[in-house]
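[1] Task: produce atomic coordinates for the following.
(chains A and B)
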2 protein chains.
Amino acid sequence: MDRDNKVSITVIRRLPKYYRYLGELLRKGINRVSSQELSNMTGFTASQIRQDLNNFGGFGQQGYGYNVEELHTQLGKILGLDKVYKTVIAGAGNLGQAVANYKGFEDAGFKILSLFDKNPKLIGLKIRDLEIRDVDELADFIVENEVEIGIITTPKENAQEIADIYMKSGIKGIWNFAPADLKVNEDIIIENVHLNESLFTLSYFLNNKSDYVNS
Amino acid sequence: MDRDNKVSITVIRRLPKYYRYLGELLRKGINRVSSQELSNMTGFTASQIRQDLNNFGGFGQQGYGYNVEELHTQLGKILGLDKVYKTVIAGAGNLGQAVANYKGFEDAGFKILSLFDKNPKLIGLKIRDLEIRDVDELADFIVENEVEIGIITTPKENAQEIADIYMKSGIKGIWNFAPADLKVNEDIIIENVHLNESLFTLSYFLNNKSDYVNS
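    All right, here's what the predicted structure looks like:
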């Protein structure tokens, strides 16, 4: 994509939200939406939404708004959801199993090939049709299967060790659930799920109800 | 807190991140930090950070920066982390058990009292010292124990039903992991964990590496 400037992280993080709401409109058979209607759904201002989308080329038409299906398709492409990604999960405990069982990821093109753990009680078990393998096989498995995304659902203490394996075996992106700040080469994308931050936002609103906007 | 205007959701969502980084500085024994240093850690601009914190009163001093411990304490209060919250978990499958096992929540003042499920194979089991109870007992349990926060880790299909129970029994905030848009009264705070949105942000960056800033 030809753009002069970086798109800011706050804009990028709103894109999956727009994509989700547009998907809902699509499922309801709604073909057209204004930035004001998107604003009512998302809680962001209409002008913010127009600005955000203008970063990627103007999709709307003045006086018409947005074509829901087209915008949904374009946002899907921008988000890279028109591709299939091979992924593995390191850490086959409760959280790893929960992620492996979550159908939404596979539907969106994130194909989980296998789970890995060091616990002998878990190795050899199956989650859905996915075998839990010995973490000692992780590096070879990634190379052989050209895995692109590595998920980390280990305890905090093991997260960096897994990140190192991912880095050495050519993983391009890491989806990290462990509450640890991982150190990896700059060319590897890390996306952290900080559950604490979400919970703390909830407690903020419990204590500052007047700031709350349901979105 | 006396403020004329709502603090915007994007500002609020940055607060837990500041809190986390300040906590790390504290653990490293660092007493003082400039907005520029915070900018380097978080990836937000220094002026953004100063603006964000000014929403809650100016904590910094020009030429000095911020006192780490004081700012951490104040942000903790703003986030409501100086209190203890009683919580329950509905949905005692993998995800519910993962949340119940996560020590960080309890350390931050979120005390899980019990898990609930409708699966007879789970009812009566214990996660740590927490009993899994029949979901039929959920409403009474909340009322009797004055539970404030209800966590939803059920499948999507059961999420609204649980939200209804939470609403009727006086829950103040819902932390929802189910990929469903819940309908509740306006006076109940909902915080959704949309794992899809995080995963889609990762795939965005895999396809737009020049926008990526590791933070």
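[2] which residues touch the helix or strand bottoming out on mean pLDDT in chain A?
    Lowest by mean pLDDT, DSSP states H and E among the helices and strands of chain A is helix A:103-107, with a mean of 87. Helix A:103-107 is contacted by residues A:87, A:99, A:112, B:179, B:195-196, B:199 when judged by C-beta atoms under 8 Å, 6 or more residues apart in numbering or on different chains. Just so you know, the C-beta spots here come from the backbone N, C-alpha and C atoms, and that holds for glycine as well.
[3] and the gap between the residue of chain A positioned farthest from its centre and A:E69?
    Note on chain A: the largest C-alpha distance from the chain mean falls to A:G63, namely 33.1 Å (C-alpha atoms, centre = their mean). Per C-beta to C-beta, to the nearest Å, A:G63 is found 19 Å from A:E69.
[4] For the longest strand along chain A, which strands pair with it and how are they oriented?
    Secondary structure of chain A per DSSP state E: the longest strand is strand A:110-117. When pairs are called by DSSP bridges, strand A:110-117 turns out to pair with strand A:85-90 (parallel), strand A:130-134 (parallel).
[5] which residues of chain A fall in helices?
    Ranges of helices in chain A, per DSSP state H, are A:9-27, A:35-42, A:46-54, A:68-78, A:94-101, A:103-107, A:138-145, A:156-168, A:195-207.
[6] who wins for proximity to B:G93 among the ones you listed?
    B:G93 lies closest to helix A:94-101 among these, at 7.2 Å (C-beta to C-beta).
[7] What's the mean pLDDT across that closest one?
    Taken as a whole, helix A:94-101 has a mean pLDDT of 94.
[8] re the thing from before, format the helices of chain A as TSV; extra columns: distance to B:L125 and mean neighbour count.
    As requested, these are exported to TSV (distance: least, C-beta to C-beta, whole Å; neighbours: other C-beta atoms under 10 Å in any protein chain shown):
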stretch	distance to B:L125	mean neighbour count
helix A:9-27	34	18
helix A:35-42	40	18
helix A:46-54	46	17
helix A:68-78	41	18
helix A:94-101	13	23
helix A:103-107	25	13
helix A:138-145	31	16
helix A:156-168	25	18
helix A:195-207	23	22
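[9] thinking again about what came up before, okay, the least confident helix or strand of chain A in PDB with CA atoms only?
    Provided in PDB are the C-alpha atoms of helix A:103-107 (Å, rounded to 0.1, in the frame of the first residue of the first chain):
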ATOM      1  CA  LYS A 103     -13.800 -21.700  16.200                       C
ATOM      2  CA  GLY A 104     -13.800 -18.000  15.300                       C
ATOM      3  CA  PHE A 105     -10.100 -17.900  14.600                       C
ATOM      4  CA  GLU A 106     -10.100 -20.800  12.100                       C
ATOM      5  CA  ASP A 107     -13.100 -19.200  10.300                       C
END
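[10] contacting residues for the closest residue to A:R13 other than its chain neighbours?
    Nearest residue to A:R13, sequence neighbours excluded (C-beta to C-beta, 6 or more residues apart in numbering or on different chains): B:T201, at 6.0 Å. Neighbour list for B:T201: A:12-13, A:15-16, A:191 [criterion: C-beta under 8 Å, 6+ apart].
[11] okay if I get the residues you listed as a markdown table plus distance to A:G80 and pLDDT?
    Listed next are these as a markdown table, based on distance: C-beta to C-beta, whole Å; pLDDT from 0 to 100:
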| residue | distance to A:G80 | pLDDT |
| --- | --- | --- |
| A:I12 | 12 | 92 |
| A:R13 | 15 | 87 |
| A:L15 | 11 | 94 |
| A:P16 | 11 | 93 |
| A:E191 | 12 | 95 |
